[in-house]
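A.B. asks: Quick one, what's the 3D model for this:
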Amino acid sequence: MSSISLPDDFKCPISLEIMSDPVILPSGHTFDRSSIQRWLDSGHRSCPITKLPLPEHPCLIPNHALRSMISNYSPFSSSSISQQHTTNPDHNSQTHVAILISDVSPMSSKLESLCQLVKRSKLDSVFRRQLTESGVVSAVLNCVQSDDSVMQMKALSLLLNLSLDDDNKVGLVAQGAVNYVVAALKADYYSPDVRAVAATLITSLAVVDVNKATIGAYPNAIRNLVTLLRDGNGRGKKEAATALYTVCLFPNNRRKAVECGVVPILVAIADNFGMARAVEVLGVLVKCKEGREEMKRSNRCVEVLVKIVKEGSERGVQYALFTLNYLCCCSEEICMQVKRKGVLEICVVLLEDDNEKIRSNASNLVNTLRGD
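C.D. replies: Have a look, this model is predicted:
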């Protein structure tokens with residue numbers, strides 16, 4: 001192993017040695033277990049990189065994806081690229097990986113390699129694992145910062161394919177993918193379609209609970225999603241709402257989203273577009289005090305939720321009922337307002353709905369409105 005030149009990503013940020021047992025801190029950064037344990041044992045309770053505070057007893061999550069990459073890493077030599085006697089898919093894929101890793105490859109060649117890897121990785125889980133173990137992720141992340149919008153899109157699409165596997169979700173975050181993806185949410189440098197794919201990738205990465213906290217801790221991650229929700233095209237708004245819903249399933253992220261001004265934006269989208277996902281996000285944010293207070297201050301929130309109950313989709317109705325019930329439980333004024341709008345009578349009818357969750361949420365709201 002020592003005779004092989006390994007990527008810097010394989011080195012512990014503390015010891016600067018190749019990691020033998022990489023683990024992930026709650027901050028999302030990876031260290032060799034022995035090094036970070038010495039850091040913690042010496043009394044430190046902050047991440048050595050971000051300086052963010054850590055829990056009193058921080059959990060060290062094994063980074064299986066990175067450990068496998070280190071164990072199986074074998075750089076592609078120039079001789080393997082020049083071999084023309086074989087045209088099997090594995091050989092071709094190794095060539096594409098080598099082109100992406102090389103600093104001297106033309107941009108046109110890198111783009112073609114990205115296109116080919118995106119196609120193959122979409123449906124082949126074994127190939128996705130092989131790719132993550134090849135050391136190509138850092139090169140793909142660099143392509144996200146390209147000046148070419150097509151290359152940006154293909155790089156994000158490949159990362160999205162790789163993130164389909166749970167081990168890769170953790171591994172990608174550990175390799176710093178969130179920083180690149182958060183930057184790709186910005187309007188001043190990336191196209192609307194690229195920003196939408198970046199939001200989709202945030203959703204995929206955030207499926208793993210530890211990644212929800214890591215993404216929320218990144219500067220501007222939630223703020224950039226809120227901005228995309230407000231200013232993006234139709235696809236961008238939908239993907240941003242979905243990402244916010246997933247990220248805000250982690251309780252600490254809800255307050256951050258509210259502070260970024262997401263509530264009035266969600267209310268406006270639910271009102272103007274009837275987007276069920278916007279109502280679902282409200283249904284998550286209503287669980288935090290700051291979210292409820294912001295909804296109470298909104299002139300339109302209750303009115304829009306009642307409108308969704310009357311004429312929204314099944315999921316919209318389900319979450320509108322849930323959100324209204326939460327608000328009514330915390331505010332007598334809102335409870336009276338909801339009664340005046342005839343919601344009690346609507347809920348009585350919904351008690352016979354075919355959708356079990358709608359029936360359950362309607363029953364809960366009936367009990368609240370009746371004071372049971």
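
A.B. asks: rest of the way, CA atoms for contacts and neighbours
C.D. replies: Noted.

A.B. asks: low-scoring stretches of the stretch 251-372 of the chain, by residue?
C.D. replies: Scanning the stretch 251-372 of the chain for pLDDT under 70 picks out 372.

A.B. asks: For it, which segments are assigned as helices?
C.D. replies: Taking DSSP state H, counting those that start in this stretch to define them, one finds helices in the stretch 251-372 of the chain at 251-259, 262-273, 276-285, 289-297, 301-311, 314-330, 332-340, 343-350, 356-370.

A.B. asks: Mean neighbour count, these: which tops it?
C.D. replies: helix 276-285 (a mean of 25; mean count of other Cα atoms under 10 Å).

A.B. asks: and it, what does it pack onto?
C.D. replies: The helices and strands touching helix 276-285, judged by 3 or more Cα pairs under 8 Å, 6 or more residues apart in numbering; DSSP states H and E, are helix 234-247, helix 251-259, helix 262-273, helix 314-330.

A.B. asks: Next, the angle from the last one to helix 356-370.
C.D. replies: The reference is to helix 314-330. Helix 314-330 runs at 30 degrees relative to helix 356-370, counting by axes from the mean of the first three to the mean of the last three Cα atoms, to 10 degrees.

A.B. asks: picking that back up, out of the helices and strands packed on helix 276-285, flag the one nearest Leu285.
C.D. replies: Among the helices and strands packed on helix 276-285, helix 251-259 comes nearest to Leu285, with 5.8 Å by Cα to Cα.

A.B. asks: List the buried residues of stretch 134-144.
C.D. replies: For stretch 134-144, a neighbour-count test (16 or more other Cα atoms under 10 Å) marks 134-141, 143-144 as buried.

A.B. asks: ok so, going back, export the helices and strands packed on helix 276-285 to CSV and tack on distance to Ala184?
C.D. replies: Output for the helices and strands packed on helix 276-285, formatted as CSV (distance: least, Cα to Cα, whole Å):
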stretch, distance to Ala184
helix 234-247, 12
helix 251-259, 19
helix 262-273, 19
helix 314-330, 29
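
A.B. asks: just to revisit the earlier point, between the buried residues of stretch 134-144, which is closest to Ser42?
C.D. replies: Ser42 has its nearest neighbour among the buried residues of stretch 134-144 in Ser138, at 32.0 Å by Cα to Cα.

A.B. asks: Was I right to think that closest one contacts Ala174?
C.D. replies: No. When contacts are counted by Cα atoms under 8 Å, Ser138 is not listed as touching Ala174 (11.2 Å).

A.B. asks: what's the overlap in contacts for those two?
C.D. replies: Taking Cα atoms under 8 Å, 6 or more residues apart in numbering as the contact rule, Ser138 and Ala174 touch no residue in common.

A.B. asks: re earlier: format the helices of the stretch 251-372 of the chain as TSV; extra columns: distance to Cys12.
C.D. replies: As requested, the helices of the stretch 251-372 of the chain are arranged in TSV below (distance: least, Cα to Cα, whole Å):
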stretch	distance to Cys12
helix 251-259	28
helix 262-273	38
helix 276-285	37
helix 289-297	39
helix 301-311	49
helix 314-330	45
helix 332-340	54
helix 343-350	57
helix 356-370	48
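
A.B. asks: Check the gap between Ala241 and Val258 for me.
C.D. replies: Per Cα to Cα, to the nearest Å, Ala241 is found 13 Å from Val258.

A.B. asks: nope, Asn224 is what I was after
C.D. replies: In terms of Cα to Cα, Asn224 sits 13 Å off from Val258.

A.B. asks: Kindly report the same for Asp148.
C.D. replies: Taking Cα to Cα as the measure, Asp148 and Val258 are separated by 34 Å.

A.B. asks: what do you get for Thr203?
C.D. replies: 18 Å.

A.B. asks: got it, and Val97?
C.D. replies: From Val97 to Val258 the distance is 42 Å (Cα to Cα).

A.B. asks: now swap in Tyr218 and tell me
C.D. replies: Look at Tyr218 and Val258: by Cα to Cα, they are 16 Å apart.

A.B. asks: what's the answer for Thr30, then?
C.D. replies: Thr30 is 30 Å from Val258, by Cα to Cα.

A.B. asks: Please enumerate residues in contact with the helix or strand where Lys154 lies?
C.D. replies: Taking DSSP states H and E as the criterion, Lys154 maps to helix 149-162. Contacts with helix 149-162, where a contact means Cα under 8 Å, 6+ apart, come from 111, 114-115, 117-118, 121-122, 128-129, 132, 137, 140-141, 143-146, 168-169, 181, 190-191, 193-194, 197-198, 200-201, 204.
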